[in-house]
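A.B. asks: Build me a model:
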Amino acid sequence: MTKKIPFKGRILMIGYGSVGHCTMPMIDRHLDMPLSRVTVVEPDDHSEEIAPYVARGVTYVNKELTKKNYKDVLAKYVGRGDMVLNLSVNVSSQDVMAWCQQNGANYLDTCIEPWPGYYDNPKLPANERSNYHLRYTTREMAKKWPKGSPTMVVTMGANPGLISHFVKAGMMEIGREKNKNLPEPKTREGWARLAMDIGLKTIHIAERDTRWQMCRRSWTSSSTPGASTASSAKGCSPRSSAGAPTRSACRWTPTSIRWGRNARST
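C.D. replies: Sure, this is the predicted structure:
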C-alpha cells in the first residue's frame, strides 16, 4: 500500500484538461486528505469525466478565470497554507503567483502562462512576447519575495520539469556504479561537480508527442469538402482514463500543442 503524505490545507486545481486528468488520481493516491478539500475550476465542461471524484467530495466549478475575476475566485477557494495547482492556459501565472504570495498560498504550474492576447499583441516587441521574457520577469519577481514566503514551483511540467528529476536520477545511477555510498548533491555546484566526475559532456532529450500525431491525422483525414475546423479536429480531444474522448478541442500554435483552454501539452 502506498504511504500517503498528510496535507491539512485545501487544493485548488485550475484547469482539468489532459494534465488535470492525470493529476487528480495522484492527489487521491498520494495525499492523506479528504477530497472534499479539493476544488477544480475550469472553463470547459468535463463534468462526466470528473464525476467519480465529485461523488467523493471534489467541488467542480465550470467557470473561466479572467483578469477581472481571478482574485475573487482564488479568495473563495484557497488561503494561507493551501495549494494552487495551475494546470491551465490563458491564466496569468505571474498574477496568480503574486496573489498567492500576498495571501500565503503555495503554488505549482506546468508552464509560465500569460493572459490571452499576449503572444500576438502587436504593441509589444517580439522579444517581450517570448517564453524567455516570461521566465526572466518571473525570476525578477521572485527576487522581491522575502525569505520564508510561500513556495512557488514554476514550469514543473514534463519538459521542463519532470525531465530534470530523470536526469538527476540517471546521474546518480552512473555515479553509484563507482561509489555505492555517493551522497546526492544539494547545490547547483554539487550537481555540476558530479557531472564532471562521471564524465558527462552532453544531455540529449528526445520527445515523441503522440498527441500531435493524433491531431495531424484528424486534420488530414476529413474527406468532407468544406468540413469545419471543429468537426475536423474532433479526434484531437484528449481521452479520459476510461478511453472516452473529452470535449476539449485541439488548437495548434507554432510553439506548442494545446488542449482547449484549460490544459497543455507537457
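
A.B. asks: which residue ranges form the strands in the stretch 51-200 of the chain?
C.D. replies: Secondary structure of the stretch 51-200 of the chain (DSSP state E, counting those that start in this stretch): strands at 59-62, 83-86, 106-109, 152-153.

A.B. asks: I'd guessed residue 108 sits against residue 93; true?
C.D. replies: No - if you go by CB atoms under 8 Å, residue 108 and residue 93 don't touch, sitting 10.3 Å apart. Any C-beta I mention is one placed from the backbone N, CA and C, and that applies to glycine too.

A.B. asks: Mutual contacts of those two, please.
C.D. replies: Common neighbours of residue 108 and residue 93 are listed as 86, 154 (criterion: CB atoms under 8 Å, 6 or more residues apart in numbering).

A.B. asks: and the two? which has more neighbours close in?
C.D. replies: residue 93 (22 against 17; other CB atoms under 10 Å).

A.B. asks: Look up how far residue 2 lies from the residue nearest to residue 203 when sequence neighbours are not counted.
C.D. replies: Excluding the flanking residues, the one nearest residue 203 by CB to CB, 6 or more residues apart in numbering is residue 167, at 6.1 Å. Going from residue 167 to residue 2 by CB to CB, to the nearest Å gives 25 Å.

A.B. asks: Which one's more surrounded, these two?
C.D. replies: The residue with more neighbours, out of residue 167 and residue 2, is residue 167; 15 against 6, by other CB under 10 Å.

A.B. asks: And the more buried one, how far from residue 152?
C.D. replies: 22 Å.

A.B. asks: What about residue 164, how many residues nearby?
C.D. replies: 12.

A.B. asks: just residue 42 next, same as before
C.D. replies: Neighbour count of residue 42, defined by other CB under 10 Å: 27.

A.B. asks: mind listing what the residue most central in space within the chain touches?
C.D. replies: Nearest to the mean C-alpha position of the chain, by CA atoms, centre = their mean, lies residue 110 at 2.7 Å. By CB under 8 Å, 6+ apart, the contact set of residue 110 is 19, 86, 87, 155, 156, 157, 158, 161, 264, 266.

A.B. asks: low-scoring stretches of the protein, by residue?
C.D. replies: Low-confidence segments of the chain, defined by pLDDT under 70, span residues 1, 209, 211-266.

A.B. asks: in it, which helix has the most residues?
C.D. replies: As assigned by DSSP state H, the longest helix anywhere in the chain is helix 162-178.

A.B. asks: Could you list every helix and strand in contact with it?
C.D. replies: helix 188-197 (3 or more CB pairs under 8 Å, 6 or more residues apart in numbering; DSSP states H and E).

A.B. asks: Can you tell me what sits against the helix it packs on?
C.D. replies: In contact with helix 188-197 (CB under 8 Å, 6+ apart) are residues 168, 171, 172, 175, 182, 185.

A.B. asks: Any chance of CSV for those, columns neighbour count?
C.D. replies: Shown next, in CSV, are the contacts of helix 188-197 (neighbours: other CB atoms under 10 Å):
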residue, neighbour count
168, 14
171, 20
172, 17
175, 19
182, 17
185, 17
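
A.B. asks: State the pair within these that is farthest apart.
C.D. replies: 168 and 182 (12.3 Å; CB to CB).
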